[in-house]
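> coordinates for the following, if possible.
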Amino acid sequence: MLQIYLPIAEMSVNILVILGMGAAVGFLSGMFGVGGGFLMTPLLIFHGIPPAVAVATEANQIVASSVSGALAQWRRGNVDMKMGTVLLLGGIAGSFVGVQLVKLLREMGQVDLIISLSYVTFLGVIGGLMFVESVRALSKARGGAPVSSRRPGQHNWIHGLPLKMRFQRSKLYISAIPPLVIGVFVGLLAAIMGVGGGFIMVPAMIYLLRVPTSVVVGTSLFQIIFVTSVTTVLHSTTNQTVDVVLALVLMIGGVIGAQFGAAAGQKLRGEQLRALLALMVLAVSIRLGVDLIVEPGELFSIGALQGGH
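Presented below is the predicted three-dimensional model:
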C-alpha cells in the first residue's frame, strides 16, 4: 500500500500521492515563479491534513522547490538581487508578525476557519484581476497591438515616493518603500497561509513596480526561499506544527518538478503564463469556497470551532 505515518499530523498517507502532489506543485513553482503553497496547502487540507500542520509544513516544502526553481532562473540571469533583498527585509518582518497571529488564533480555536477564509478571499480577488488583465493582453496580441505591461513614465504615484534606489537588473529607479511593503505583506501571508506569497508578489511586481516579467519570476523565487525558511523555523519553535516526514516527501517531489517547470516556462509568453496562473488560482479559490459552504462529513470540527476559547 506504500502507506507512511505522519507523526505531527497523526495520520497515515500514501507516499506516491504525496510525492505526486510535490512534483506537480514544484513544476508550477519553476514555471510561474510562485512558491506553489497557494495550491499545495489546500491540496493537503483536501487530503485530510490538519490546516495548521499543512500551513507550517508547506512553508518548509516551498524552501526546497524555490531553491531548485531559483537556481534554474539564476542560470538564465533572471534574478534581481537588489530588489530581492529589499523584498526579503520586509518579508522577514511580516513573517514574525504572522507566526504570532497564528499562535493567537490557535489558542482561540479559530485558526482553521481563518486559513480557509484567507485563501478564498485572496485567491478569488487576485485570480480574477490577473485573469481579466491577461485576457486583455492576449486579445491585444492577437489584434497585432504591442503587448507591454511596462511603459516608461507610467509609475504614477510610486515615482513621487522618497528613498529611491536604482535596480539595474530590473531597469528601474524607484522608491524602496513599495517593494518593502510588498515584502511585509508576503511575509505575513507566508506565516498565516503557508504560502511563499508568489501569487501576491508576482502580480504586484509586474503591475505595480513594472518589473519585466522574466526578472519577476527569478526574483520572486529568490525572496521566497528566505522568507519561508524563517517562517518554517518560527512555526516549528512557536507552534510545533511542522511535520518533517511530510515535508521531506513533498520536498523530493518539489525539487524534481521545479526543474521541469522552469524549462516549460521558457516556452510560453508572459501573458500566456499569467492567464494559466490566474485560472489555477481561481479554481483553488472556488474549491475552498465550496468546502466552506457545504456541510462537512466531520461534524466534530464545527463543534471544536464553536467551543474554542
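> switch to C-alpha atoms for all contacts and neighbour counts from now on
Fine.
> mind listing the strands for the stretch 1-150 of the chain?
Remark: strands assigned in the stretch 1-150 of the chain by DSSP state E, counting those that start in this stretch are 3-6, 11-14.
> please, where are all the helices along this structure?
15-32, 37-46, 51-75, 81-108, 111-142, 177-193, 198-203, 213-238, 244-265, 270-293, 300-307 (DSSP state H).
> pLDDT on the fourth one, on average?
Rounded to a whole number, the mean pLDDT of helix 81-108 is 86.
> and it, what does it pack onto?
helix 177-193, helix 213-238 (3 or more CA pairs under 8 Å, 6 or more residues apart in numbering; DSSP states H and E).
> helices or strands next to the first one in the packing?
Helices and strands touching helix 177-193, by 3+ CA pairs under 8 Å, 6+ apart, are helix 51-75, helix 81-108, helix 111-142, helix 198-203, helix 213-238.
> and for residue 263, the neighbour number?
Number of residues near residue 263 (other CA atoms under 10 Å) recorded here: 16.
> how close does the nearest residue to it once chain neighbours are set aside sit to residue 219?
Leaving out its chain neighbours, the residue that sits closest to residue 263 by CA to CA, 6 or more residues apart in numbering is residue 31, at 7.3 Å. Relative to residue 219, residue 31 is positioned 13 Å away (CA to CA, to the nearest Å).
> got the strands of the stretch 1-150 of the chain as CSV, with mean pLDDT columns?
Formatted as CSV, these follow (pLDDT from 0 to 100):
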stretch, mean pLDDT
strand 3-6, 84
strand 11-14, 86
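> export the ones you listed as a markdown table, with columns for mean neighbour count and distance to residue 172.
Formatted as a markdown table, the strands of the stretch 1-150 of the chain follow (neighbours: other CA atoms under 10 Å; distance: least, CA to CA, whole Å):
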| stretch | mean neighbour count | distance to residue 172 |
| --- | --- | --- |
| strand 3-6 | 14 | 47 |
| strand 11-14 | 14 | 48 |
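> residue 229: which of the ones you listed is closest?
strand 3-6 (21.0 Å; CA to CA).
> any idea how far that closest one is from the chain center?
26 Å (CA atoms, centre = their mean, to the nearest Å).
> with stretch 218-227 instead?
That offset, for stretch 218-227, works out to 10 Å (CA atoms, centre = their mean).
> now swap in stretch 230-241 and tell me
For stretch 230-241, the distance to the chain centre is 18 Å (CA atoms, centre = their mean).
> and it, which residues are buried?
230, 231, 232, 233, 234, 235, 236, 239, 241 (16 or more other CA atoms under 10 Å).
> contacts for that stretch?
Stretch 230-241 is contacted by residues 8, 52-53, 56-57, 59-60, 92, 95-96, 99-100, 103, 187, 190-191, 242 when judged by CA atoms under 8 Å, 6 or more residues apart in numbering.
> let me see the mean pLDDT of that stretch.
What stretch 230-241 shows for mean pLDDT is 80.
> wait, doesn't residue 288 sit right on residue 118?
No. Between residue 288 and residue 118 there is no contact under CA atoms under 8 Å: 10.1 Å.
> ok, the two, which is more surrounded?
Regarding residue 288 and residue 118, a neighbour count based on other CA under 10 Å identifies residue 288 as having more, with 20 against 15.
> and that one, how far from residue 124?
10 Å.
> for the stretch 1-150 of the chain, which spans come out with low pLDDT?
1, 33-35, 65, 144-150 (pLDDT under 70).
> at 50 instead, please
Applying pLDDT under 50 to the stretch 1-150 of the chain picks out residues 149-150.
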